[in-house]
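*Asks:* Let me see the structure of the following:
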Amino acid sequence: MKDYIVRATAAQGQIRAFAATTKEMVETARRAHDTSPVATAALGRLMTAGAMMGIMMKGDRNILTLQIKGDGPIGGITVTADSHGDVKGYVLNPEVMLPPSAAGKLDVGGAVGSGVLSVIRDLGLKDPYVGQIELQTGEIGDDLTYYFAVSEQTPSVVGLGVLMEKDNTVKQAGGFIIQLMPDAAEEVISNLEQKIAGVHSVTALLEAGNTPEMILEQLLGDMDLEILEHHGTRFYCNCDKDRVAKALISIGREELQKLIDEGEKVELNCHFCNSNYVFSVDEVKELYQQSR
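*Replies:* Now for the predicted structure:
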(Lines give C-alpha, C1' and ligand atoms only; values in the text may rest on other atoms or scores of the structure.)
Protein backbone atom coordinates (compact mmCIF):
# COMPACT_ATOMS: atom_id res chain seq x y z
CA MET A 1 0.00 0.00 0.00
CA LYS A 2 1.34 3.43 -0.93
CA ASP A 3 1.62 5.94 1.88
CA TYR A 4 -1.19 8.47 2.07
CA ILE A 5 -3.08 10.83 4.36
CA VAL A 6 -6.84 11.20 4.71
CA ARG A 7 -8.39 14.53 5.70
CA ALA A 8 -11.90 14.46 7.13
CA THR A 9 -14.50 16.27 9.22
CA ALA A 10 -17.14 14.99 11.61
CA ALA A 11 -20.00 16.21 13.78
CA GLN A 12 -21.06 18.81 11.17
CA GLY A 13 -17.66 20.45 11.19
CA GLN A 14 -17.13 20.41 14.95
CA ILE A 15 -14.24 17.97 14.47
CA ARG A 16 -11.49 17.87 11.89
CA ALA A 17 -9.35 14.79 11.51
CA PHE A 18 -6.33 13.40 9.71
CA ALA A 19 -5.07 9.82 9.52
CA ALA A 20 -2.03 8.45 7.72
CA THR A 21 -0.18 5.31 6.81
CA THR A 22 3.56 5.99 6.43
CA LYS A 23 5.37 2.66 6.34
CA GLU A 24 7.28 3.37 3.10
CA MET A 25 8.24 6.88 4.24
CA VAL A 26 9.68 5.64 7.52
CA GLU A 27 11.44 2.68 5.91
CA THR A 28 13.05 5.02 3.36
CA ALA A 29 14.31 7.20 6.20
CA ARG A 30 15.58 4.13 8.08
CA ARG A 31 17.58 2.98 5.07
CA ALA A 32 18.95 6.46 4.37
CA HIS A 33 20.19 6.98 7.93
CA ASP A 34 20.73 3.36 9.02
CA THR A 35 18.80 4.10 12.20
CA SER A 36 18.48 1.76 15.16
CA PRO A 37 14.96 0.51 16.00
CA VAL A 38 14.30 3.13 18.68
CA ALA A 39 15.73 5.91 16.48
CA THR A 40 13.55 4.71 13.59
CA ALA A 41 10.49 4.81 15.85
CA ALA A 42 11.27 8.32 17.10
CA LEU A 43 12.01 9.73 13.65
CA GLY A 44 9.07 7.88 12.11
CA ARG A 45 6.61 9.26 14.63
CA LEU A 46 7.77 12.85 14.12
CA MET A 47 7.78 12.45 10.32
CA THR A 48 4.25 11.04 10.38
CA ALA A 49 3.08 13.99 12.46
CA GLY A 50 4.94 16.36 10.15
CA ALA A 51 3.22 14.88 7.10
CA MET A 52 -0.25 15.45 8.57
CA MET A 53 0.57 18.90 9.94
CA GLY A 54 2.17 19.85 6.62
CA ILE A 55 -1.01 19.36 4.64
CA MET A 56 -2.84 21.59 7.12
CA MET A 57 -0.97 24.48 5.47
CA LYS A 58 -2.46 26.08 2.37
CA GLY A 59 0.39 27.69 0.46
CA ASP A 60 2.36 25.79 -2.16
CA ARG A 61 5.65 27.04 -0.72
CA ASN A 62 4.76 26.82 2.97
CA ILE A 63 7.28 24.82 5.00
CA LEU A 64 6.80 23.23 8.41
CA THR A 65 9.72 22.32 10.64
CA LEU A 66 9.36 20.15 13.75
CA GLN A 67 12.40 20.07 15.97
CA ILE A 68 12.99 18.19 19.19
CA LYS A 69 16.01 18.98 21.34
CA GLY A 70 16.30 16.65 24.30
CA ASP A 71 18.88 15.48 26.82
CA GLY A 72 18.33 11.82 25.96
CA PRO A 73 20.86 9.76 24.00
CA ILE A 74 19.17 10.43 20.64
CA GLY A 75 20.22 14.08 20.99
CA GLY A 76 17.60 15.62 18.78
CA ILE A 77 15.26 15.13 15.82
CA THR A 78 14.51 17.50 12.95
CA VAL A 79 11.73 17.04 10.39
CA THR A 80 10.54 19.34 7.62
CA ALA A 81 7.37 18.95 5.57
CA ASP A 82 5.51 20.89 2.91
CA SER A 83 1.84 21.20 2.01
CA HIS A 84 2.14 18.51 -0.68
CA GLY A 85 3.01 15.61 1.63
CA ASP A 86 6.78 15.65 1.05
CA VAL A 87 8.68 15.01 4.28
CA LYS A 88 12.32 14.59 5.28
CA GLY A 89 14.14 14.30 8.58
CA TYR A 90 17.05 13.03 10.62
CA VAL A 91 18.16 12.26 14.17
CA LEU A 92 21.44 13.41 15.67
CA ASN A 93 22.38 9.96 16.99
CA PRO A 94 20.92 7.34 14.63
CA GLU A 95 22.68 4.44 16.36
CA VAL A 96 21.22 4.89 19.85
CA MET A 97 20.23 1.61 21.52
CA LEU A 98 18.05 1.27 24.63
CA PRO A 99 16.35 -1.63 26.41
CA PRO A 100 12.57 -1.84 25.98
CA SER A 101 10.32 0.34 28.14
CA ALA A 102 8.43 -1.04 31.14
CA ALA A 103 5.57 -1.79 28.74
CA GLY A 104 7.91 -3.86 26.57
CA LYS A 105 7.93 -1.35 23.72
CA LEU A 106 10.63 0.74 22.05
CA ASP A 107 11.59 3.39 24.61
CA VAL A 108 11.19 6.53 22.51
CA GLY A 109 10.61 8.67 25.60
CA GLY A 110 13.84 7.44 27.15
CA ALA A 111 15.74 8.08 23.92
CA VAL A 112 14.41 11.64 23.63
CA GLY A 113 14.57 12.62 27.32
CA SER A 114 13.64 16.06 28.62
CA GLY A 115 13.85 19.15 26.46
CA VAL A 116 11.81 21.27 24.06
CA LEU A 117 9.64 20.79 20.99
CA SER A 118 9.62 23.63 18.45
CA VAL A 119 7.08 24.01 15.66
CA ILE A 120 8.14 26.46 12.95
CA ARG A 121 5.82 27.42 10.11
CA ASP A 122 7.31 29.41 7.25
CA LEU A 123 4.23 30.82 5.50
CA GLY A 124 6.13 33.20 3.24
CA LEU A 125 5.71 36.15 5.58
CA LYS A 126 8.48 38.35 6.95
CA ASP A 127 8.96 36.12 9.98
CA PRO A 128 7.99 32.47 10.46
CA TYR A 129 5.51 31.44 13.14
CA VAL A 130 7.32 29.71 15.99
CA GLY A 131 5.68 27.77 18.82
CA GLN A 132 7.62 26.01 21.55
CA ILE A 133 6.78 23.82 24.53
CA GLU A 134 8.66 21.77 27.06
CA LEU A 135 8.50 18.06 26.31
CA GLN A 136 5.96 16.28 28.49
CA THR A 137 6.89 12.62 27.96
CA GLY A 138 9.24 12.47 24.96
CA GLU A 139 6.82 10.01 23.36
CA ILE A 140 6.11 12.66 20.66
CA GLY A 141 2.36 12.03 20.28
CA ASP A 142 1.74 13.20 23.86
CA ASP A 143 4.01 16.19 23.33
CA LEU A 144 2.24 17.28 20.15
CA THR A 145 -1.14 16.88 21.88
CA TYR A 146 0.15 19.24 24.57
CA TYR A 147 1.58 21.62 21.96
CA PHE A 148 -1.75 22.00 20.15
CA ALA A 149 -3.57 22.70 23.43
CA VAL A 150 -1.05 25.21 24.79
CA SER A 151 0.40 26.96 21.73
CA GLU A 152 -2.56 26.87 19.35
CA GLN A 153 -5.45 26.58 21.84
CA THR A 154 -6.82 23.68 19.79
CA PRO A 155 -7.85 20.63 21.87
CA SER A 156 -6.36 17.70 19.96
CA VAL A 157 -5.48 14.06 20.19
CA VAL A 158 -2.33 12.92 18.39
CA GLY A 159 -1.72 9.19 17.99
CA LEU A 160 1.52 8.02 16.36
CA GLY A 161 3.16 4.62 16.00
CA VAL A 162 5.99 2.70 14.35
CA LEU A 163 6.23 -1.10 14.56
CA MET A 164 9.48 -2.85 13.66
CA GLU A 165 10.13 -6.27 12.14
CA LYS A 166 12.66 -8.61 13.78
CA ASP A 167 15.13 -7.74 11.01
CA ASN A 168 14.76 -4.07 12.04
CA THR A 169 12.85 -3.01 8.92
CA VAL A 170 9.59 -1.12 9.34
CA LYS A 171 6.50 -3.30 9.65
CA GLN A 172 3.86 -0.62 10.22
CA ALA A 173 3.84 3.16 10.63
CA GLY A 174 1.11 5.75 10.77
CA GLY A 175 -0.99 7.94 12.98
CA PHE A 176 -3.91 10.29 13.40
CA ILE A 177 -4.63 13.83 14.55
CA ILE A 178 -8.16 14.66 15.70
CA GLN A 179 -9.01 18.25 16.64
CA LEU A 180 -12.01 19.92 18.20
CA MET A 181 -13.18 23.16 16.65
CA PRO A 182 -14.06 26.11 18.90
CA ASP A 183 -17.81 25.50 18.65
CA ALA A 184 -17.70 21.81 19.62
CA ALA A 185 -20.66 20.79 21.78
CA GLU A 186 -20.18 19.02 25.11
CA GLU A 187 -21.83 15.82 23.87
CA VAL A 188 -19.44 15.72 20.90
CA ILE A 189 -16.47 16.18 23.22
CA SER A 190 -17.71 13.45 25.57
CA ASN A 191 -18.35 11.01 22.72
CA LEU A 192 -14.88 11.61 21.27
CA GLU A 193 -13.21 11.16 24.66
CA GLN A 194 -14.89 7.77 25.06
CA LYS A 195 -13.75 6.65 21.60
CA ILE A 196 -10.17 7.80 22.14
CA ALA A 197 -10.03 6.02 25.49
CA GLY A 198 -10.54 2.75 23.63
CA VAL A 199 -7.48 3.24 21.42
CA HIS A 200 -4.35 1.82 23.03
CA SER A 201 -2.02 1.49 20.05
CA VAL A 202 -1.91 2.99 16.57
CA THR A 203 0.29 0.18 15.34
CA ALA A 204 -2.18 -2.42 16.65
CA LEU A 205 -4.87 -0.78 14.52
CA LEU A 206 -2.58 -0.84 11.47
CA GLU A 207 -1.43 -4.39 12.14
CA ALA A 208 -5.08 -5.48 12.26
CA GLY A 209 -5.39 -4.30 8.66
CA ASN A 210 -7.05 -0.95 9.28
CA THR A 211 -6.54 1.72 6.64
CA PRO A 212 -6.53 5.43 7.59
CA GLU A 213 -10.18 5.59 6.51
CA MET A 214 -11.05 2.64 8.74
CA ILE A 215 -9.25 4.16 11.72
CA LEU A 216 -11.29 7.34 11.37
CA GLU A 217 -14.43 5.24 10.90
CA GLN A 218 -13.77 3.53 14.23
CA LEU A 219 -13.23 6.84 16.00
CA LEU A 220 -15.75 9.08 14.26
CA GLY A 221 -18.07 6.83 12.28
CA ASP A 222 -21.11 7.55 14.45
CA MET A 223 -20.53 11.32 14.23
CA ASP A 224 -21.29 11.85 10.52
CA LEU A 225 -17.73 11.29 9.37
CA GLU A 226 -17.03 12.84 5.96
CA ILE A 227 -13.84 12.00 4.08
CA LEU A 228 -12.76 15.12 2.22
CA GLU A 229 -9.40 14.41 0.61
CA HIS A 230 -6.65 11.87 0.08
CA HIS A 231 -3.04 13.09 -0.10
CA GLY A 232 -0.03 11.04 -1.10
CA THR A 233 2.95 11.40 1.23
CA ARG A 234 6.58 10.34 0.92
CA PHE A 235 10.13 10.80 2.16
CA TYR A 236 11.59 13.31 -0.25
CA CYS A 237 14.70 15.49 -0.10
CA ASN A 238 15.14 18.23 -2.68
CA CYS A 239 18.91 18.45 -2.32
CA ASP A 240 21.09 18.17 -5.43
CA LYS A 241 24.64 19.12 -6.37
CA ASP A 242 23.59 22.56 -7.63
CA ARG A 243 21.95 23.41 -4.30
CA VAL A 244 24.95 22.15 -2.38
CA ALA A 245 27.25 24.18 -4.67
CA LYS A 246 25.30 27.33 -3.80
CA ALA A 247 25.74 26.53 -0.11
CA LEU A 248 29.46 26.09 -0.70
CA ILE A 249 29.67 29.46 -2.50
CA SER A 250 27.94 31.08 0.46
CA ILE A 251 30.91 30.39 2.77
CA GLY A 252 32.77 33.20 0.98
CA ARG A 253 35.82 33.67 -1.23
CA GLU A 254 38.32 33.52 1.62
CA GLU A 255 37.12 30.11 2.83
CA LEU A 256 36.90 28.80 -0.75
CA GLN A 257 40.50 29.87 -1.34
CA LYS A 258 41.57 27.94 1.76
CA LEU A 259 39.90 24.82 0.36
CA ILE A 260 41.67 25.32 -2.97
CA ASP A 261 45.02 25.80 -1.22
CA GLU A 262 44.56 22.54 0.66
CA GLY A 263 44.41 20.78 -2.71
CA GLU A 264 41.94 18.13 -1.56
CA LYS A 265 38.47 17.28 -2.84
CA VAL A 266 35.62 18.62 -0.74
CA GLU A 267 32.90 16.24 0.44
CA LEU A 268 29.61 17.57 1.84
CA ASN A 269 26.78 15.58 3.38
CA CYS A 270 23.05 16.35 3.42
CA HIS A 271 21.74 15.80 6.95
CA PHE A 272 18.21 15.10 5.75
CA CYS A 273 18.84 12.26 3.27
CA ASN A 274 22.48 11.39 4.01
CA SER A 275 23.53 11.95 0.40
CA ASN A 276 27.18 12.85 -0.18
CA TYR A 277 28.36 15.40 -2.74
CA VAL A 278 32.00 15.53 -3.82
CA PHE A 279 33.64 18.58 -5.39
CA SER A 280 37.06 18.30 -7.04
CA VAL A 281 39.63 21.07 -6.62
CA ASP A 282 38.82 22.26 -10.15
CA GLU A 283 35.12 22.43 -9.28
CA VAL A 284 35.89 24.45 -6.15
CA LYS A 285 37.95 26.80 -8.32
CA GLU A 286 34.93 27.26 -10.59
CA LEU A 287 32.79 28.09 -7.56
CA TYR A 288 35.40 30.58 -6.45
CA GLN A 289 35.10 32.33 -9.83
CA GLN A 290 31.28 32.33 -9.55
CA SER A 291 31.45 33.90 -6.09
CA ARG A 292 32.67 37.26 -7.42
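
*Asks:* contacts, neighbours, all on C-alpha from now
*Replies:* OK.

*Asks:* can you give me the helices for the stretch 101-250 of the chain?
*Replies:* Listed in chain order, the helices found in the stretch 101-250 of the chain under DSSP state H, counting those that start in this stretch are 108-112, 141-151, 186-197, 202-207, 212-220, 241-249.

*Asks:* can I get these in JSON lines with distance to residue 8, mean neighbour count and mean pLDDT?
*Replies:* Formatted as JSON lines, the helices of the stretch 101-250 of the chain follow (distance: least, C-alpha to C-alpha, whole Å; neighbours: other C-alpha atoms under 10 Å; pLDDT from 0 to 100):
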{"stretch": "helix 108-112", "distance to residue 8": "29", "mean neighbour count": "23", "mean pLDDT": "95"}
{"stretch": "helix 141-151", "distance to residue 8": "18", "mean neighbour count": "19", "mean pLDDT": "95"}
{"stretch": "helix 186-197", "distance to residue 8": "15", "mean neighbour count": "12", "mean pLDDT": "88"}
{"stretch": "helix 202-207", "distance to residue 8": "18", "mean neighbour count": "19", "mean pLDDT": "93"}
{"stretch": "helix 212-220", "distance to residue 8": "8", "mean neighbour count": "20", "mean pLDDT": "95"}
{"stretch": "helix 241-249", "distance to residue 8": "37", "mean neighbour count": "15", "mean pLDDT": "86"}
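
*Asks:* Make a markdown table out of those helices and add distance to residue 168.
*Replies:* Listed next are the helices of the stretch 101-250 of the chain as a markdown table, based on distance: least, C-alpha to C-alpha, whole Å:
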| stretch | distance to residue 168 |
| --- | --- |
| helix 108-112 | 15 |
| helix 141-151 | 22 |
| helix 186-197 | 29 |
| helix 202-207 | 15 |
| helix 212-220 | 24 |
| helix 241-249 | 31 |
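
*Asks:* low pLDDT regions in the protein?
*Replies:* 1, 292 (pLDDT under 70).

*Asks:* which strand in it runs the most residues?
*Replies:* In the chain, ranked by residue count with DSSP state E as the criterion, the top strand is strand 170-180.

*Asks:* Please report the distance of residue 289 from residue 202.
*Replies:* 54 Å (C-alpha to C-alpha, to the nearest Å).

*Asks:* give me phi/psi at residue 32?
*Replies:* phi -60, psi -40 (degrees, to the nearest 10).

*Asks:* How many residues are close by it?
*Replies:* 14 (other C-alpha atoms under 10 Å).

*Asks:* hang on, it packs against residue 270?
*Replies:* No: between residue 32 and residue 270 there is no contact, the gap being 10.7 Å when judged by C-alpha atoms under 8 Å.

*Asks:* Other residues contacting stretch 283-290?
*Replies:* Residues outside stretch 283-290 that contact it (C-alpha atoms under 8 Å, 6 or more residues apart in numbering) are 245, 248-249, 253, 256-257, 259-260, 266.
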